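*Asks:* Model the structure of this input:
(one chain, ligands or ions: 2)
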Amino acid sequence: EVSITKFPADERKIIAKAHDKYKKARAGIINTRHGQIHTPAFMPVGTKGTVKAMLPESVQTTGADIILGNTYHLMLQPGAKRVFKLGGLHKFMNWSKPLLTDSGGFQVMSLSKLRKITEEGVIFNSHIDGSKFMLSPESSTEIQYLLGSTITMAFDECTPYPSTYEQAKSSMELTSRWAKRSRKAFYSRDGYGQFGIIQGSIYNDLRLKSALDLIELDFEGYAIGGLAVGEGQELMFKVLDYAPDLLPINKPRYLMGVGKPADIIGAVQRGIDMFDCVIPTRSGRNGQAFTKYGVVNIRNSKYKEDNTPLEEDCLCPACKNYTKAYLHYLVKVKEILGAMLMTWHNLMYFQKLMLRIREYIAQGKDFDFIS
Ligand SMILES: CNc1nc2cc3c(=O)[nH]c(N)nc3c(CCO)c2[nH]1
Ligand SMILES: [Zn+2]
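*Replies:* Ligands and ions are numbered 1, 2, ... in the order given. Okay, here's the model as predicted:
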């Protein structure tokens, strides 16, 4: 078990079973101030303090132990100080289990039009009203403290793909300097943790240097950043064939922004413990349902009189009480209930996938099933 405490995590009793193809899959438990996280874990994305179209208690029934929030969005609205004054993000959004907040750099680069990267941090104009902001290792870490995050992410620069070796090197070195400042700014408390994020793009020597720089800072966990940024699954797996092994075996490893079920399975087989991805929620709202038969595009006219559920043995409300014909209709006419039911089913599907993976690892069974 990995306990996120202010002391280095105690020896992780990894229920890792030798798996013929990969000896790296592991299942475990992360203990935090807000409860346990069973790994391998999938974190639903709750960018603006809500998992879109879901009540927090509904997210909990899908089996999620932890959800992801975003520094960037919450600092712009409603503002970190206001959330702090109102009792913190857990209270504000009525989610009492662990919360991981991303540090904001990635969202600045993907959302704000005008921005400038300096040694100090990133200066940007809010994508909402154009007002000027600065995010730095110190301000990002303070914002995450004000939000009350269980797991705080170091402030990094997500190296774009493709990048030349030189570009990736200077970007990774900036991330290392920012990681040091993030670690110094972190208010260490029992049951809370801060994760460093390694960069280095697809260059193994840069990934190694990034890992060494961050291991020195003794974070409670480590994320592999700079992936799922357009490099494709093959190149991502090529990096994952070695990058997780550069990180401490007894600490959680989090692959940011991943992914489809097949990506998750391949990454777990390479030693990854934690995931976050908008796919189940965003694609659910867009009419895509993940099922054991493959992805169902519910808007397809072949479902307009299909009186069967998405999955006959799924326990989610969409499958228990409704048919594909009804979901087809709701999504076509853009009824809010359509987004809710599709999201609920997909989140349940992803959590069931993680549960099966954890069980297979614990029994030392081959889980190379493609969901
Ligand atoms: C969807 N793909 C993706 N790749 C990511 C890569 C990064 C990264 O390198 N750093 C940080 N801080 N966040 C990242 C995030 C946002 C969280 O999902 C990513 N998301
Ligand atoms: Zn279902």
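*Asks:* Tell me the residues of this structure that contact ligand 1?
*Replies:* Counting by CB under 6 Å from any ligand atom, the residues of the chain close to ligand 1 are 102-103, 105-106, 153, 156, 158, 197, 225-226, 228-229, 256-257, 276. (Each C-beta comes from the backbone N, C-alpha and C, glycine too.)
*Asks:* show me the contacts for the residue in the stretch 1-150 of the chain positioned nearest to ligand 1.
*Replies:* Proximity of the stretch 1-150 of the chain to ligand 1 (CB to the nearest ligand atom) peaks at Phe106, 3.4 Å away. Phe106 sits next to Asp156, Cys158, Gly225, Met256 when contact means CB atoms under 8 Å, 6 or more residues apart in numbering.
*Asks:* now do Lys132
*Replies:* By CB under 8 Å, 6+ apart, Lys132 lies in contact with Ile123, Phe124, Asn125, Ser126.
*Asks:* Now that we have those, which of them are buried?
*Replies:* Using 16 or more other CB atoms under 10 Å as the burial test, the contacts of Lys132 include Ile123, Phe124, Asn125, Ser126 as buried.
*Asks:* and those as TSV, adding pLDDT?
*Replies:* Below are the buried ones among the contacts of Lys132 laid out as TSV (pLDDT from 0 to 100):
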residue	pLDDT
Ile123	96
Phe124	95
Asn125	94
Ser126	93
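*Asks:* Show me these that map onto strands.
*Replies:* Those of those mapping onto strands are Ile123, Phe124, Asn125, per DSSP state E.
*Asks:* out of these, who's near ligand 2?
*Replies:* Near ligand 2, judged by CB under 5 Å from the ion, there are no entries from these.
*Asks:* Reformat those as JSON lines; add distance to Pro317.
*Replies:* Output for these, formatted as JSON lines (distance: CB to CB, whole Å):
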{"residue": "Ile123", "distance to Pro317": "45"}
{"residue": "Phe124", "distance to Pro317": "40"}
{"residue": "Asn125", "distance to Pro317": "41"}
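*Asks:* Which of those residues sits closest to ligand 2?
*Replies:* Nearest to ligand 2 out of those is Phe124 (CB to the ion; 39.5 Å).
*Asks:* Ser131 is in contact with the closest one, correct?
*Replies:* No - under the criterion of CB atoms under 8 Å, Phe124 makes no contact with Ser131, lying 9.8 Å away.
*Asks:* before we move on, back to that, going by neighbour count, which of the residues of the chain next to ligand 1 comes out on top?
*Replies:* Per-residue neighbour counts (other CB atoms under 10 Å) across these peak at Gly226, which has 33 neighbours.
*Asks:* Rebuild the contacts of Lys132 as a markdown table, extending it with distance to Met342.
*Replies:* Output for these, formatted as a markdown table (distance: CB to CB, whole Å):
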| residue | distance to Met342 |
| --- | --- |
| Ile123 | 39 |
| Phe124 | 33 |
| Asn125 | 34 |
| Ser126 | 31 |
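*Asks:* Please, which helix or strand holds Ala223?
*Replies:* Here Ala223 sits within strand 221-224, counting by DSSP states H and E.
*Asks:* what residues does that strand touch?
*Replies:* By CB under 8 Å, 6+ apart, strand 221-224 touches 2, 4, 9, 30, 151, 153, 193, 195-198, 211, 214-215, 239-240, 243-244, 247-248, 251-256, 272, 274.
*Asks:* Identify the residues contacting the residue lying closest to Tyr187 once chain neighbours are set aside.
*Replies:* Closest residue in space to Tyr187, ignoring its immediate chain neighbours: Tyr145 at 5.5 Å, by CB to CB, 6 or more residues apart in numbering. By CB under 8 Å, 6+ apart, Tyr145 lies in contact with Thr152, Phe186, Tyr187.
*Asks:* related to what we said a few turns ago, list the buried ones in the strand or helix carrying the residue of the stretch 1-150 of the chain closest to ligand 1?
*Replies:* Assessed by DSSP H and E, Phe106 sits inside helix 105-111. Residues of helix 105-111 classed as buried by neighbour count (16+ other CB under 10 Å): Gly105, Phe106, Gln107, Val108, Met109, Leu111.
*Asks:* can I have that helix written out in CSV, keeping just the CAs?
*Replies:* Provided in CSV are the C-alpha atoms of helix 105-111 (Å, rounded to 0.1, in the frame of the first residue of the first chain):
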residue,chain,number,x,y,z
GLY,A,105,0.3,24.9,-17.6
PHE,A,106,-1.2,22.5,-20.0
GLN,A,107,-4.6,24.3,-20.0
VAL,A,108,-3.0,27.7,-20.5
MET,A,109,-1.2,26.4,-23.6
SER,A,110,-4.3,24.7,-25.0
LEU,A,111,-6.9,27.4,-24.1
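*Asks:* For that helix, give the mean pLDDT please.
*Replies:* When pLDDT is averaged over helix 105-111, the result is 93.
*Asks:* Which residue of this protein lies farthest from its centroid?
*Replies:* Glu305 (36.5 Å; CA atoms, centre = their mean).
*Asks:* in a helix, that's where that residue is, yeah?
*Replies:* No - read with DSSP: H, G, I helix; E, B strand; the rest coil, Glu305 is coil and lies in no helix.
*Asks:* list the contacts for it?
*Replies:* Taking CB under 8 Å, 6+ apart as the test, what Glu305 contacts is Ala325.
*Asks:* That one and ligand 1, how far apart?
*Replies:* Using CB to the nearest ligand atom, to the nearest Å, Glu305 is found at 36 Å from ligand 1.
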